[in-house]
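> Sequence first, then the predicted structure, then my questions.
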Amino acid sequence: MVTVFLLLTGWVFFRILYNFLPALAAIGCTLFLVYNPMMLDLKNQILPDIPMMATFLLAFYLLFFQKSTTIVLTISIVVIWLSTGLKTPGLLLLVPVIGWAATTTFPGRFKFLFASLAGMLLILVIEFILGKASNGPVWYLQQTVDAINPDILLMNVTTYFQSLQLIPQLELPMWINKAIWILLCIGWLMGVVWSFFPEKESHRNLKSKYFERFILLFQLCFILMLLVYPYQGDPVRMLLPIFPFFLITTFKGFTASLEKLNFPNQKTVAFGGRNVVARFDDSIYAKIAN
């Protein structure tokens, strides 16, 4: 099941990146996420963190990159409930749910908002009732409250920063892995900057811009949660759910910077043995014109 969710993560990650990058680049970035030693090692363990990573990505994808229909929103509600049931941090899907409801004109948005929030709270209540004191939500809540002090917060910042550098490492010389990490950080900072620039083009572009801003807010909320949430000796696991979003912001930073430098406004898609050259209407978000 963990392997299935990892494959789902890769597929959704590719579909999101395909809105920003050429197909081959999106495939390469997806392989960078899924097929690295750290991820493959964690895949062999029974962890709720990888399924949570998949459900987080799928929820964002359905809300911001799929046409709002009753079927899509019903699937989204199920995915959101599943994520909340996997682990308490799934409640952070409040961010895209409220964000989507605030930025759409879909007639059923208030029903979707109510169903999502009510289901998340119901699952949380059930977990509190059924959870054991030793490892259930009550225990996590107590540990979280106890962790609110400057010394533990500083220790958590240091621990998570060091752990984050372990996830993207490949079987390469250490200096190459350090260079990769530096490039990722630079791209992420550029992605943060470009995400706040106004978008003046199509509705599809506006949805992409909303997505960029909400994943930044989602990353911030998740990081703030990590500062007090107990990681029980394995902080790398706790970083998995937001690592794909970190990469999306990073790759968006690079593509937006190249676009501002007036690089050629086209991309070649090599898929299934055929090449399709697609020209865009001054936007890297436009659909491919076959």
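On my side now, so go ahead. In this text the structure is predicted, and so the values were computed from the model without any measurement.

> where does the stretch 51-200 of the chain have low pLDDT?
Counting by pLDDT under 70, the low-confidence segments of the stretch 51-200 of the chain come to 131-139, 147, 198-200.

> And the helices in it, which stretches?
Under the criterion DSSP state H, counting those that start in this stretch, the stretch 51-200 of the chain carries helices at the ranges 70-86, 94-103, 109-130, 137-146, 150-164, 174-195.

> Please name whichever of the ones you listed is nearest to Cys221.
When the helices of the stretch 51-200 of the chain are compared for distance to Cys221 using Cβ to Cβ, the nearest one is helix 94-103, at 5.8 Å. For the C-beta atoms, the positions are set from N, CA and C on the backbone; glycine is no exception.

> Check what contacts that closest one and list those residues.
With contacts defined as Cβ atoms under 8 Å, 6 or more residues apart in numbering, helix 94-103 is touched by 59-60, 63-64, 80, 109-110, 112-113, 116-117, 120, 207, 210, 213-214, 217-218, 221.

> Of these, select the buried ones using a PyMOL command.
Typed into PyMOL, the line below selects the buried ones among the contacts of helix 94-103, using 16 or more other Cβ atoms under 10 Å:
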select buried, resi 59+60+63+64+80+109+112+116+117+120+207+210+214+218+221
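
> Surely Pro244 and Thr9 touch.
Yes. With contacts counted by Cβ atoms under 8 Å, Pro244 reaches Thr9, the gap being 6.7 Å.

> ok, now which ones touch the nearest residue to Asn177 once chain neighbours are set aside?
Nearest in space to Asn177, with sequence neighbours left out and distances taken as Cβ to Cβ, 6 or more residues apart in numbering, is Gln169 at 4.7 Å. Under the criterion of Cβ under 8 Å, 6+ apart, the contact list for Gln169 reads 36-38, 177, 180.

> Grab the most central residue of this structure for me.
Closest to where the C-alpha atoms of the chain average out (Cα atoms, centre = their mean) is Phe245, at 3.3 Å.

> List the neighbours of the one helix or strand that residue maps to that are in contact with it.
For Phe245, the enclosing helix or strand under DSSP states H and E is helix 243-260. Contacting residues not belonging to helix 243-260 are listed as 9, 13, 16-17, 20-21, 29, 32-33, 53, 56-57, 60, 164, 167, 184, 186-195, 212, 215-216, 218-219, 284 [Cβ under 8 Å, 6+ apart].

> cool, stretch 30-40 as well?
6-7, 9-10, 13-14, 17, 166-171, 236, 243-244, 247.

> how does it look with 6 Å?
If you take Cβ atoms under 6 Å, 6 or more residues apart in numbering as the criterion, stretch 30-40 is touched by 10, 13-14, 166-167, 170.
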